[in-house]
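> Give me a 3D structure for the following:
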Amino acid sequence: MKRLLRFFFSLVWLVNGLWAKVLDGVPRHREIVARILGEEHALVLTCLIGVGEVLMAAWILSGIWRKGSAAAQIAAVLTMNVIEFLLARDLLLFGGWNFLVALAYVGLVAQVEFKPPRGGWGHGASLPIVARRRRG
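Numbers count the residues shown, from 1 in each chain. Coordinates of the predicted model:
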């Protein structure tokens with residue numbers, strides 16, 4: 001199931017990056033970038049954002065440092081959505097509700113990559129991010 005969800009996460013980034021932004025398949029994305037960063041370079045900046053999203057998809061598929069890619073996804077989605085909510089809400093697919101969709105996405109990413117192993121973190125297991133040092 002985790003493999004399928006990771007594929008889904010990468011597909012979200014690939015479609016939004018490549019089709020919607022790089023290939024300008026969804027002009028609304030360029031309009032959002034223009035509203036936030038200015039019209040003059042909106043096309044180029046939207047394309048660069050899209051390339052970053054395609055790279056995120058590749059990172060997820062690579063399986064390299066999964067917790068790092070999950071943290072990067074969560075940070076990127078929350079940052080983008082807060083900025084868009086504040087500055088371009090009227091251009092969002094679901095308007096003000098877009099933020100709830102983003103929260104559901106990052107919640108699922110967090111559940112997949114940061115869920116404690118069966119049995120929890122106890123029983124001699126250390127946190128995967130920071131190993132605790134015992135003093136004796």
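> list the contacts for the residue most central in space within the chain?
Closest to where the C-alpha atoms of the chain average out (CA atoms, centre = their mean) is residue 73, at 3.0 Å. Counting by CB atoms under 8 Å, 6 or more residues apart in numbering, residue 73 touches 9, 13, 56, 60, 106, 109. No exception for glycine: its C-beta is placed from N, CA and C like everyone else's.
> let's go with 6 Å and repeat that
Applying CB atoms under 6 Å, 6 or more residues apart in numbering to residue 73 gives the contacts residue 109.
> And it, which helix or strand is it part of?
In the assignment (DSSP states H and E), residue 73 maps to helix 66-87.
> next SSE after that helix?
For helix 66-87, the following helix or strand on the C-terminal side (DSSP H and E) is helix 98-114.
> And that following helix, what does it pack against?
Under the contact definition 3 or more CB pairs under 6 Å, 6 or more residues apart in numbering; DSSP states H and E, helix 98-114 sits against helix 66-87.
> at 7 Å what do you get?
Under the contact criterion of 3 or more CB pairs under 7 Å, 6 or more residues apart in numbering; DSSP states H and E, helix 98-114 touches helix 2-14, helix 66-87.
> and the angle for the last one with helix 98-114?
Going back to what we said before, that points to helix 66-87. On the basis of axes from the mean of the first three to the mean of the last three CA atoms, to 10 degrees, helix 66-87 is oriented at 170 degrees to helix 98-114.
> Which residues belonging to helix 66-87 are considered buried?
66, 69-71, 73-74, 76-77, 80-81, 84 (16 or more other CB atoms under 10 Å).
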